[in-house]
Structure formats: C-alpha cells, structure tokens
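Colleague: for reference, the sequence and a predicted model appear below.
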Protein chains: 2
Amino acid sequence: MGEIAADPTHPRYQSLLMRHRLEEAEKKGMLAGSALIAHGRGEAFDYMIGEQTLPSALQATHQALAYLSQAKNPVISLNGNVVALAGREILHLAHHLQCPVEINIFYRTPERMEALLSHLHEIKQQEGLDVDILGAEPNARIPGLEGPRAKCTKEGIFEADVLLVPLEDGDRCEALVAMGKTVLVIDLNPLSRTAQMASVTIVDELTRVVNNMNRILESEEQTMLLSTYDNQATVQQALDHISTFFAS
Amino acid sequence: MGEIAADPTHPRYQSLLMRHRLEEAEKKGMLAGSALIAHGRGEAFDYMIGEQTLPSALQATHQALAYLSQAKNPVISLNGNVVALAGREILHLAHHLQCPVEINIFYRTPERMEALLSHLHEIKQQEGLDVDILGAEPNARIPGLEGPRAKCTKEGIFEADVLLVPLEDGDRCEALVAMGKTVLVIDLNPLSRTAQMASVTIVDELTRVVNNMNRILESEEQTMLLSTYDNQATVQQALDHISTFFAS
C-alpha cells in the first residue's frame, strides 16, 4: 500500500492514502473498533457521488466557512476517524480560523484520548501552528446524552455558538442542535439523521472539504453568509445525484 | 457488543452480529487489512436495499441454487470475510449440496490460510458435516491472474463447472468467467464489475442468501433452472430499488 500511496497519478491514490492513514492511526491506538467499518460505509457513498465535490457541496462548504468566520466562539469537534484522516489539514484550518479544536469521541478511553492528543500535538509542533487543542479535561456535559460521549469542555463545545462536526453520529448532532448551536456537518450519507438535522450539511469526503476550506481561506476569497442558502435543497442535490447514478 | 448481539429483538441485531463475527475473525488472524472497510461498503449498500431480500434477489437465489444442484462439479469459493461472516452456514450449504468448498484468498499468507482452515475444520467437526475443505495445497492456477491470488486446486475451482463465489473481486470474477464457468455471485453493489459480469448475480447480504438457500434445500422445494431467467433484469431491479430509495 505504501508504494501505491506514493504515486499520486494512481487512480485510487486518494482512496489508498486514506486507508493508509487509518492503518497508521490504528497502530497508534487512535481508532474505535467500528472505525474501519464506518470508513467503508463512507467509501460506498463517495463512490456514488463520483468521488468528487458536487457543486451543491461546494456551496455548503462556502456557507459553513462563512459561519465559522463570523462566529463568536467557533469550535471544530474531532473524533478518531477525523484526526486519522485529516488531522493535519484540520489543524491548518483551525489555525487560519483562529479557533480551537476539541476531541470529542464516542468510545472514550484514556488510552485513545492520549493517542489522539499526542498525535495532534505532534502535528501542531511540526507545522508551527497556533491552535488550542481541547478535550483532555472535560468539565461540562452535552445535555440529553448519556455516558462518556456527553463529556465536553465548557470553554470549547459547551459554549461554542458555531460548531463544525465532521462525521458526527445522529444522537450527538441532535443534542448539539437542541443546545441552540449552529451545527455544520460533513457527512457522505445525505439521508443520515446528522445530514438531515444540521444547519449546514456538506455531503462530501472529509479531506476534500477541509482542503477546499483551506484553499478558500488562503486565496482570501470573500466568504459571505448567504441568507438565500437552503440546506434542504443542498442535501436534495446530493440525493438526486446518487439517484441518477443508479438510474443510468 | 456481546450484550446487544445476544438480543435478537434489537433492531440492529443482525448488523451487530455480523460485526461481532468479524471481530472474532480478526482476533484469529483470518482477515486481510481491508476486510472491515469492505464490510462497511457492504453495509452501506445493504442499508440502501432496506436490509431485506428483494424479490429479484430471491429469484436469483433460486436460479443459483438450481445451477449448483444440477452441476457436475460445483464448488463454493471462500475468502476471509465469507468464512468470518457465514462459515457455519456455508458448510451446511455445501453439506446439503455435497460439494466441496475452497479457500481462495486475495492476500494469501500461510498464517491466514491456517487460521481460515482450522476455523472451518472446527465447525465441520462440531456440526458433524461431510464437506471437503480445499485450498490448503494449491496445484493449479486461474489463467489471466497474477500472483498468489491465482492459486487454486485442480480438483476444486480449476475443474468446477459451476462456482458460487460470494464477495468476489472483479478481476477474479472476470478470469473465472473467461474459463467458461458458470459463475454465481453474491454482491451488494449492483454496479460492481463482479455483479455486472456474473452468470447469476444475487444482490443481497451474504448470510441472508445462504440462510435462504439452506431453507429452500431443507424444505425440499423444487429448484428448477429457468430458461427465462434474465440476470440483467435482476440486477436492474436492485438498481431501481436503490434509485427510488434516494429519490423518495
């Protein structure tokens, strides 16, 4: 896999690179048992949207970025797969946006938290980034959720007005929306509860989204919050694309 | 997971049971690195067909069973995920059909072969089944394939006239079809090369298919080879179902 991943002209380069990152993360103890299965589900949906950023997804990306740029307390929530697949790219995004990231995992163990935190701190130091990495010492709870997955930090997720939560599960997305937050999600399944419930739903592959966001920020393109943005229509365009894919 | 999998009334029982079987198989060294990701892709497609056996899939199951029943040298080809997910059910099927099974894996290592063989021999003994388990000592090659994945046995896959190959990759399916064999596949992605190329394509989840086959054989229902069977139409019905799922 290392060989193939080293050749960016290989048609499966991006997909193999993501698998390679997951393998490395697994070795470091960063992933939950269900992480690879979840990634496979994502691969299937990405295949159906043609492994590309649909125009509707790019619109949603712009809208999400506008929310993040104008927020008072923006936070990026990270789970194991997100750190594994796009840890570096997300830290660059957070640096650009001057917002903290917070590790908020479903299956919380001290070992996994430690593996994820040290991976992020290593990248932060290597790349010379200025980003607060929260989550090590939770001191608040997301109302309406039970068990360790409710744990969060007061200065991070709890008080955030705008949250970017890539690859979030439905229960948590619902609980965050119920707290009155603007919840921006990245989810390849346009029919998932998360996709249906979010303020802005980006139906696209995680690293493509974060790379798009970083590219937009670096180009100093103006990001405008559009009052005409219709999230349901955005999700519908992804559904239409998939439906057509199978109807052809 | 053990607790949830023990309660068959749980709405996700079947899905959790499959994950549990993969976890156990992983511990025994039966799986390739990409096994869980492949399973996740399958989960996504199963979700789209509603985690049910479509009428077209049941038709294809009957047709496949008729081919197996009337074959001169039927063989069931097994890879790691198939053994993990449905090893027991498949051995019962092979016992009913009085046909051998052959382990034929893409990433062949002596350790994986040993783990898979001993798992199957254990089930065979526990259940008192009379089935030849081939693959330990390959003595032939599938023409048109390179490397270890071409290895097979002369008395098994090489000379089979009818092959059931669940969860097969496109290259191998193509090579087997090119050998002039009747190739019956189980594949949840109706657009995969395997699904498109096979003689009979069952777009359904592996354990549901094998349980259906065993149920049909035990009921002594007549299995008739239908000259009117149209595999393309069968695959098209699965595509239509998925297309409608996303169009709703």
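Modeller: Ah, there it is. Numbers count the residues shown, from 1 in each chain, chains lettered A, B, ... in the order given.

Colleague: could you measure from A:Gly144 over to chain B?
Modeller: For A:Gly144, the distance to chain B (C-beta to the nearest C-beta, to the nearest Å) stands at 21 Å. For glycine as for every other residue, the C-beta is placed from the backbone atoms N, C-alpha and C.

Colleague: measure that residue to A:Ala175 for me?
Modeller: 4 Å (C-beta to C-beta, to the nearest Å).

Colleague: then A:Asn104?
Modeller: 11 Å.

Colleague: between these two, which has more neighbouring residues?
Modeller: A side-by-side neighbour count of A:Asn104 and A:Ala175, using other C-beta atoms under 10 Å in any protein chain shown, places A:Asn104 first with 27 against 18.

Colleague: let me see the contact set for the residue nearest to the more buried one when sequence neighbours are not counted.
Modeller: Spatial nearest neighbour of A:Asn104, excluding adjacent residues (C-beta to C-beta, 6 or more residues apart in numbering or on different chains): A:Ser77 at 4.8 Å. Residues in contact with A:Ser77, defined by C-beta atoms under 8 Å, 6 or more residues apart in numbering or on different chains, are A:101-102, A:104, A:157, A:163-166, A:168.

Colleague: one more: A:Pro11?
Modeller: Per C-beta under 8 Å, 6+ apart, neighbours of A:Pro11: none.

Colleague: could you grab the helix/strand/coil label for it?
Modeller: With DSSP: H, G, I helix; E, B strand; the rest coil as the basis, A:Pro11 sits in coil.

Colleague: what's the pLDDT at it?
Modeller: Reported pLDDT at A:Pro11 in the predicted model: 73.

Colleague: cool, the one 10 residues further on as well?
Modeller: The pLDDT attached to A:Arg21 in the predicted structure is 93.

Colleague: how about the contacts of A:Ser77 in a markdown table, adding secondary structure and pLDDT?
Modeller: Conversion of those to a markdown table gives the following (DSSP: H, G, I helix; E, B strand; the rest coil; pLDDT from 0 to 100):
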| residue | secondary structure | pLDDT |
| --- | --- | --- |
| A:Val101 | strand | 98 |
| A:Glu102 | strand | 97 |
| A:Asn104 | coil | 91 |
| A:Ile157 | helix | 96 |
| A:Leu163 | strand | 97 |
| A:Leu164 | strand | 97 |
| A:Val165 | strand | 95 |
| A:Pro166 | strand | 94 |
| A:Glu168 | coil | 81 |
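
Colleague: which residue ranges of chain A form helices?
Modeller: Taking DSSP state H, the helices of chain A run over residues A:2-5, A:13-27, A:35-48, A:55-70, A:80-97, A:110-127, A:170-178, A:193-197, A:206-218, A:231-247.

Colleague: excluding chain neighbours, give the residue nearest to A:Phe45 in space.
Modeller: Distance criterion C-beta to C-beta, 6+ apart; nearest residue to A:Phe45, sequence neighbours excluded, is A:Leu188 at 3.7 Å.

Colleague: so who does the one you found touch?
Modeller: A:41-42, A:45-46, A:49, A:203-205.

Colleague: those: which two are farthest apart?
Modeller: Pairwise distances across these (C-beta to C-beta) peak at 14.9 Å, for the pair A:Arg41 and A:Asp204.

Colleague: looking at these two, which is more packed in?
Modeller: For the pair A:Arg41 and A:Asp204, the greater number of neighbours falls to A:Asp204 (26 against 23), based on other C-beta under 10 Å.

Colleague: contacting residues around A:Ile105?
Modeller: A:32, A:79-80, A:112-113, A:116, A:149 are the contacts of A:Ile105 under C-beta under 8 Å, 6+ apart.

Colleague: residues of chain A that sit close to chain B?
Modeller: Counting by C-beta under 8 Å from any C-beta of the partner chain, the residues of chain A close to chain B are A:1, A:19, A:22-23, A:33-34, A:36-45, A:47, A:189-191, A:239-240, A:242-244, A:246-247.
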